[in-house]
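# Take this sequence and fold it.
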Amino acid sequence: GYNHTLAYLTRLRILVNVCESMVISVIAIATFIALVSSDRATEKYQPTWESLDSRPIPEWFEDAKFGIFIHWGIFSVPAWSTGGGAEWYVQRLLTGSDHNATRNFHYKTYGKDFSYDQFGPMFKAELWDPSQWAGLFKNAGAKYVVLTSKHCDGWTNWKSSAKWNYNSVDSGPKRDLVGELTNATRAVGLEMGLYYCNIEWGNPLLPWDYERGPQPYHGQERYVNEVFLTELMEITTKYQPSIINGDYCVLLNSTQLRARDFLAWLYNESPVKDTVVVDDRWGTDARCHHGGYWTCRDKFEPNYLPPHKWMDLNTISVSWGLNREETAESYKTVPELVEMLVSNVAYGGNLLLNVGPTSDGRIIPIMEERLLGIGDWLKVNGEAIYSTRVWRNQSEVYVGQTLITVLDNMSNIDNAGIPGPTQSTDSVKYLGKFQSAKECFSACQSDEFKKKFGKSCLSFTWHSTDCPQPTWSSMCYGETDSNWSPTVKPGHTTGRRDAVSVYYTAGKASNHTVYAVAMSWPRNGTLALNLPSMTTNSEISLLWRGGSLPVKWQENKGSNGVVIDLSDVDKDQLPVGMAFSLKLTNVN
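Numbering: from 1, shown residues only. As a prediction, the model looks like this:
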C-alpha cells in the first residue's frame, strides 16, 4: 500500500545519504569521540546532569525576554492539518494518527503515488528575502530568532553532510536558508538560534511501527552517531548559534541520545561555549528537569513562579507550520499576545512566539500585523519588559466599581458606557433582590457567580427601590458580556465591575524599582494596587511615547498599597488597546 511505498522511498533516501556522507560522518564522529574521550577531569563541565545543570544561563538571554520562532520546511508546501500541527504532516501520513484525515487529503490532492519527499523540489522559497524577515522581527521588538534547522521529517535547511538531495541546498530553494537568515538576523543586531528535532519520522535507523505507532527505540546507535551528533556539531561549528533548541524528547533518554556528551562538548569546547543557551528537550529524562531553560511542554504558561528559568514556546495561531485550514478566528489578538508576553516575564520566563511562513518565503499579513502590534507596544513599554527581573510578587487583580444613577433624560449613559437591565439575553443573569447597589455589586464580584454561571461577572445593574416599574424594584442582574449594551430606564442604578489584571517586574539594578503593567484601563480612572509598599521618596510615572508621564497617587488608607489617579491621562493615546505600564521608584 501507499504507507509501505512511502516508507521504502524514505529508507532508500536515507541509505543513499549514509553511503555518500560516510567519510564526512566518520570524521565528525571521530572528532566527537576524541573530544569526549579527553581528560574529563580537566574539563569544567562533566557529562552528568548534576554538572551540566550547574552552568548559569547566559545573562543576555535573561535580558532579552522575547524571540521569534520559525517553523519552515517542506511541510510548508502542503501546509495543511485538520487542527494544529501542520508540521506533523508526514507523521500523520505515515501513521494515520489523525483518523486518516491527512492521508485522505493527500490522496485527493496529490495522489497515492506522491511521496512526501517529492515536496522537496516544490519548496522553492522564490519570494524569500531574509533581510525583510530580519527587519520585521526587529520591528516586532524581538531580541532573538530561532529557525527550524531540521524538523522531525528529516529535511534540513542547510546542506547537511548526512543528507544527500534532502536539504535546501541540493533541492528546492537551492539556498542555505540557515546561513542566509543567520547573516541577516545578526546584521540587524539580533541573536540567532536554531531548532533541531532529535529524531526523524520514517528514518530506517530508527525503527517505526506504522501500525502501532512509534515504539521505544533500540539499536539507535548508528542514527545517534551518523545523524544526530554529526548534524548538531555541524550546525554549532558552522553557524555558531546563540540558542540550540532540541525537541522530541520521547522514546529515547539522554543516555541513548548521548545528549549529555554533546552538551559537555558544547559547554567546554565549542565555539559558542560561553554564550549558547539550550533548552530541556534532550531525552525522556530531561524535560522540565535538566538542561538550560525549561520548556516543560508546548505553550507552557504557568500562573506560578517556577523554580528555574523557563521559556514559553507559543503560537500566533494554533498550528506551528502554516496551516491553510486556519481562519482569522484561529489567531490570537495583539492584546492577547501582549498579555502572554507580560505574564511570562512577570513569572520569570521568556516568550518564543512562532510564525509559519509560506513555502515561497512570505510571512502572511495577519502574522505581520500581530508582530508589528507587539512591537508598537514594546516601543513604549519595553522598559518594563527588557532586562527586568522577577519581583517579590508577580501579579494581582484590581477590582473596582463604577456606579451611576440614570438621569431622567438619560444624558449620562452614553459617556458612562454601562449596560442596563434586561432578561432577554443569555449574558444577563438574575441574582435576586437587594436593598442597595453595593449589595448587588458584591453579588456580581463573588466567587459564587463564576461557580454558578461558569463566567465572570463584568457588570451589574440594580433597580432602585423606587424604580418607576414596581415589578423591577430592587432586582439585581449580573452581565457576562462586556460588549452588551441594551437600553436603560431613568431611575435605575447601574454599574460595571472593573477587573484589571496587573503584572509586576523589577528593575535589573534595583529591586526598589518596580513596574506595574496593567492589561486594561480602569473605567473610573483610578487604579488601586495592594502589593507595592510606598515610601516618602516614592514616585510613580506612566511609560509614554518619548519618555514617561508623572501621575498623581496617594497611599491606600488602611493598607500598604497605593491608589493611582489616572483621570488626567488621555487613554486614547495608548498603543495596543488599553495595556499600560507604571514605573514605581523607591518602593519598599
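# Now residue 432. Nearest residue, chain neighbours left out?
residue 476 (5.9 Å; C-beta to C-beta, 6 or more residues apart in numbering). Yep, even glycine has a C-beta here, placed from its N, CA and C like the rest.
# Look up phi and psi at the one you found.
With angles defined as degrees, to the nearest 10, residue 476 sits at phi -120, psi 130.
# Give me the residues contacting stretch 114-125.
The contact list for stretch 114-125 (C-beta atoms under 8 Å, 6 or more residues apart in numbering) reads 5-6, 9-10, 13, 73-78, 89-90, 93, 106, 110, 153, 155, 165-166, 168, 171-173, 175, 177, 202, 359-361.
# give me the number of residues near the closest residue to residue 138 other than its chain neighbours?
Leaving aside its sequence neighbours, residue 138 sits nearest to residue 188 (C-beta to C-beta, 6+ apart; 4.7 Å). By the criterion of other C-beta atoms under 10 Å, residue 188 has 15 neighbours.
# Begin at 313 from now on, thanks
Happy to do that; since the first residue is 313 now, the last one works out to residue 500.
# so how far is residue 705 from the closest residue to residue 615 other than its chain neighbours?
The shortest distance from residue 615 to any non-neighbouring residue, by C-beta to C-beta, 6+ apart, is to residue 659 (7.3 Å). From residue 659 across to residue 705, the span is 11 Å (C-beta to C-beta, to the nearest Å).
# picking that back up, whichever of the contacts of stretch 426-437 end up buried, select them in ChimeraX.
To isolate the buried subset of those in ChimeraX, counting by 16 or more other C-beta atoms under 10 Å, use the following:
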select :318,322,325,385,386,387,388,389,390,401,402,405,418,422,465,467,478,480,483,484,485,487,489,514,671,673
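# circling back: more neighbours: which of residue 659 and residue 705?
Neighbour comparison, residue 659 and residue 705: the larger count goes to residue 659, with 21 against 17 (by other C-beta under 10 Å).
# wait, doesn't that one sit right on residue 619?
No. Contact criterion C-beta atoms under 8 Å: residue 659 and residue 619 do not qualify, at 11.6 Å.
# Contact partners for residue 636?
Taking C-beta under 8 Å, 6+ apart as the test, what residue 636 contacts is 391, 392.
# Can you check the pLDDT for it?
Residue 636 carries a pLDDT value of 97.
# Please apply the same query to residue 769.
pLDDT for residue 769: 78.
# So which bits of the helix or strand residue 448 falls within are buried?
Using DSSP states H and E, residue 448 falls within helix 442-451. Within helix 442-451, the residues scored as buried using 16+ other C-beta under 10 Å are 442, 445, 446, 448, 449, 450, 451.
# For residue 787, see how far away the fifth one is.
When distance is defined by C-beta to C-beta, residue 449 is 54 Å away from residue 787.
# Equivalent analysis for the last one, please.
Distance of residue 451 to residue 787, given as C-beta to C-beta: 52 Å.
# how far does the helix or strand where residue 865 lies sit from the chain's center?
Under the criterion of DSSP H and E, residue 865 resides in strand 864-867. Distance of strand 864-867 from its chain centroid, counting by C-alpha atoms, centre = their mean, to the nearest Å, is 35 Å.
# next SSE after it?
Reading on from strand 864-867 to the C-terminus, the next helix or strand found by DSSP H and E is strand 874-877.
# What is the subsequent helix or strand relative to that following strand?
Moving toward the C-terminus from strand 874-877, the next element (DSSP H and E) is strand 892-897.
# ok, residues contacting that next one?
Outside strand 892-897, the residues within contact range by C-beta under 8 Å, 6+ apart are 692-693, 695-696, 824-830, 833, 839, 844, 846, 849-855, 860, 863, 874, 876, 883, 886.
# Note down every partner strand of it and its orientation.
strand 826-830 (antiparallel), strand 851-856 (antiparallel) (DSSP bridges).
# buried ones in the longest one?
It stands for strand 851-856. Using 16+ other C-beta under 10 Å as the test for burial, strand 851-856 gives 852, 854, 855, 856.
# tell me the average confidence for it?
Confidence over strand 851-856 (mean pLDDT, whole number) is 95.
# so what does the next helix-or-strand element following that strand touch, helix or strand wise?
Proceeding N to C from strand 851-856, the next assigned helix or strand is strand 859-862, under DSSP H and E. Contact here means 3 or more C-beta pairs under 8 Å, 6 or more residues apart in numbering; DSSP states H and E; on that basis strand 859-862 packs against strand 851-856.
# Do I have it right that residue 456 meets residue 501?
No. Using C-beta under 8 Å, residue 456 is not in contact with residue 501, being 10.5 Å away.
# Mind checking which of the two has more residues around it?
When neighbours are counted by other C-beta under 10 Å, residue 456 and residue 501 differ, and residue 456 comes out ahead with 24 against 9.
# Identify the bridge partners of the more buried one.
Bridge pairing for residue 456 (DSSP bridges) gives the partners residue 379, residue 503.
# quick one: contacts for it?
373, 376, 379, 380, 502, 503, 504, 505, 554, 555.
# if you set the cut-off to 7 Å instead, what comes out?
Neighbouring residues of residue 456 by C-beta atoms under 7 Å, 6 or more residues apart in numbering: 376, 379, 502, 503, 505, 554, 555.
# Kindly report the same for residue 570.
With C-beta under 7 Å, 6+ apart, residue 570 has these contacts: 536, 541.
# now swap in the one 4 residues further on and tell me
Shown here is residue 574, whose contacts under the criterion C-beta under 7 Å, 6+ apart are 541, 544.
# Could you pull out the buried residues of stretch 551-565?
Residues of stretch 551-565 classed as buried by neighbour count (16+ other C-beta under 10 Å): 551, 553-561, 563-565.
# repeat for stretch 581-599
582, 584, 587-599.
# Of these, which pair is most distant in space?
By the measure C-beta to C-beta, 587 and 596 form the most distant pair in the buried residues of stretch 581-599, at 28.0 Å.
# pLDDT of stretch 474-487, averaged?
96.
# Now do the end-to-end distance for that stretch.
Across stretch 474-487, the terminal residues are separated by 17 Å (C-alpha to C-alpha, to the nearest Å).
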